[in-house]
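> I would like the atomic coordinates for the input below:
(chains A and B)
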Amino acid sequence: MSNSHLFLKSGFPRAPLQNGVGRYICQLQRITLKFCKNNGSSRGMREFIEKQLIDFAKENPGTVVYVKPRRHRTPVIVAEYLNGDREWHNCRNLSKEEITQWITLMKTQNGSSSSLRLRKMWHTDMPSIQGPWTPFTLKNPASNLVIFPNEELSKPLDVEKSATEKLIELFREQRLSEGKLEENRGN
Amino acid sequence: MSFLLKNIVNLPRSGSINQLTSSFRCLSLTSQLSTRHNLNYKPPKIIAKPITPIIPQRSPSEDLKACDNIISKVNNVISEKEEGRLFAVIHLCGKQFKVTSGDIILVEGYWPPTIGDEVRLEKVLLVGGNDFTLIGRPIVDKNLVNVQATIIEKTLTHTKTHFKKKRRKQYMRINFQRSPNTMIRINSIDISGQIQANSLEKDDSTKIY
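Sure, this is the predicted structure:
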């Protein structure tokens, strides 16, 4: 994978105008379909306009739809958003289904997203509620009164048992088991 | 050694080889030596410090009492609506997010809900307020926590370039791809109802998470 996207403008997830906090508002304001009436490259666009455009306009009362015929030019979709963004998409030789997909994408996004690399998948205004963690959180308050240097605290936490200690343990176990045996015998 | 010599001296009298071998065997058997010769031997005293238990031992009834006490405290806080701002750890599309109300999170890849949909996120792994935290095993009871969210954007990522090249092999491929992204706004996190100690012991084996 190339690293050309590293030079792209980068940012963090944001929604315009607190969208979705109270209610959701579709950000697409205007959509313009430009096409040619007789050129073959606009065939899909013409089909879309004949069959689906009325339904689209009815479903989205918040969006203004313009249709602009022009001779011998490639078909184009231009979407304009509430935040002033303008997205332009070439639809040369696209079928009706492909055009539907692109128009739904323009409808569902908040602005032109193609030129922003996201650095995080999360945004919050309240990074911490119980307070950020520090090395002193949930520690015993008695440790406030310790005087340093402290012999007990300067030992490593994970000291392995020495061979002598292990032997002593074994010896003790043996003793205990012997004691039990003797008791059993006594009984 | 005097013992050994005595045995050897006695050898011609008894005239048996067995005695000789047994007397030499004494040399190798240290335990026998120690028992026979050093009768006054005592192993060095081992001074072991008593191991003091760090964690105070509590009886199960005391534990239950403490548990009930904590639960009633949390219930009090919830019923008086003093829990403050709540946060939750939710599991969504294979990822975990720590969210509070007003947050924005992004789901990568195809996800069917569309813009304006209001969804309830049910896989809540953890809920916390200012002074308490409820940890699910693995998720918090569905009736206890209500996390509401709205889908605010469905878009595509920037164009990612996949470029492959093998040196000296006349091989180069370039692919462009954009994957779908869904932006979600967390509207509210509520704890409805009381926490019950017994609810933790319900049989969840039939549940599908």
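> which parts of the longest strand anywhere in chain A are buried?
In chain A, assigned by DSSP state E, the strand with the most residues is strand A:28-35. For strand A:28-35, the neighbour count (16 or more other CB atoms under 10 Å in any protein chain shown) marks A:Leu28, A:Ile31, A:Thr32, A:Leu33, A:Lys34, A:Phe35 as buried. (C-beta placed from N, C-alpha, C; glycine too.)
> If you count contacts, what does it end up packed against?
With contacts taken as 3 or more CB pairs under 8 Å, 6 or more residues apart in numbering or on different chains; DSSP states H and E, strand A:28-35 sits against helix A:43-51, strand A:64-69, strand A:76-81, helix A:96-108.
> now, of those, which is deepest in the fold?
Counting by mean count of other CB atoms under 10 Å in any protein chain shown, strand A:76-81 has the highest mean neighbour count of the helices and strands packed on strand A:28-35, with a mean of 20.
> part of a helix, is A:Trp88?
No - secondary structure of A:Trp88 (DSSP: H, G, I helix; E, B strand; the rest coil): strand, not part of a helix.
> now it: how far from B:Thr159?
Distance of A:Trp88 to B:Thr159, computed by CB to CB, to the nearest Å: 15 Å.
> Need the helices and strands packed on strand A:28-35 in JSON lines (columns: distance to B:Pro112 and mean pLDDT).
Below are the helices and strands packed on strand A:28-35 laid out as JSON lines (distance: least, CB to CB, whole Å; pLDDT from 0 to 100):
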{"stretch": "helix A:43-51", "distance to B:Pro112": "23", "mean pLDDT": "95"}
{"stretch": "strand A:64-69", "distance to B:Pro112": "26", "mean pLDDT": "96"}
{"stretch": "strand A:76-81", "distance to B:Pro112": "23", "mean pLDDT": "95"}
{"stretch": "helix A:96-108", "distance to B:Pro112": "12", "mean pLDDT": "95"}
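> contacting residues for B:Ile78?
Residues near B:Ile78 by CB atoms under 8 Å, 6 or more residues apart in numbering or on different chains: B:Ile191, B:Gln194, B:Ile195.
> Next, A:Leu176: phi, psi?
Dihedral angles of A:Leu176 (phi, psi; degrees, to the nearest 10) stand at phi -60, psi -50.
> same check, this time on B:Asp68
phi -60, psi -40.
> and what of A:Ile147?
Torsion angles at A:Ile147 (phi, psi; degrees, to the nearest 10) stand at phi -100, psi 130.
> how about it, what does it touch?
A:Ile147 neighbours (CB under 8 Å, 6+ apart): none.
> pLDDT wise, what is it at?
What the model reports for A:Ile147 is a pLDDT of 88.
> residue ranges with poor pLDDT in the chain?
By default, I'm working from chain A. Scanning chain A for pLDDT under 70 picks out the ranges A:1-2, A:187.
> try chain B instead
By pLDDT under 70, the low-scoring segments of chain B are B:1-39, B:41-57, B:197-209.
> quick one: the helices in it?
For chain B, the helices defined by DSSP state H cover B:2-14, B:17-28, B:30-36, B:60-79.
> Test of understanding: give the bridge partners of B:Val147.
B:Val147 has these beta-bridge partners by DSSP bridges: B:Leu121, B:Ile189.
> burial measure for it, as a count.
Using other CB atoms under 10 Å in any protein chain shown, B:Val147 has 23 neighbouring residues.
> hang on, it packs against B:Ile191?
No - when contacts are counted by CB atoms under 8 Å, B:Val147 is not listed as touching B:Ile191 (10.4 Å).
> related to what we said a few turns ago, so which residues make contact with the longest strand of chain A?
Contacts of strand A:28-35 (CB under 8 Å, 6+ apart): A:42, A:45-46, A:48-49, A:53, A:60, A:62-70, A:73, A:75-82, A:103, A:106-107, A:109.
> do the same with stretch A:90-110
With CB under 8 Å, 6+ apart as the contact definition, stretch A:90-110 has outside contacts at A:15-16, A:19, A:26-28, A:31, A:40-42, A:44-45, A:47-48, A:51-52, A:56, A:60, A:63, A:74-77, A:79, A:81, A:83, A:87, A:89, B:114-115, B:152-156, B:183.
> Does stretch A:160-172 reach chain B?
Yes - applying CB under 8 Å from any CB of the partner chain, one finds stretch A:160-172 touching chain B at A:Ile168, A:Phe171, A:Arg172.
> Does anything pack onto the strand or helix carrying the first one? Which helices or strands?
Element membership of A:Ile168, judged by DSSP states H and E, is helix A:163-186. Where contact means 3+ CB pairs under 8 Å, 6+ apart, helix A:163-186 is not packed against any helix or strand.
> Next, report how far it is displaced from the centre of its chain.
With CA atoms, centre = their mean, to the nearest Å as the basis, helix A:163-186 stands 61 Å off its chain's centre.
> Can you show me the strands along chain B?
With DSSP E, the ranges of strands along chain B come out as B:87-92, B:95-100, B:104-108, B:118-121, B:124-128, B:133-135, B:145-156, B:160-166, B:171-177, B:180-191.
> separation between B:His158 and chain A?
Using CB to the nearest CB, to the nearest Å, B:His158 is found at 5 Å from chain A.
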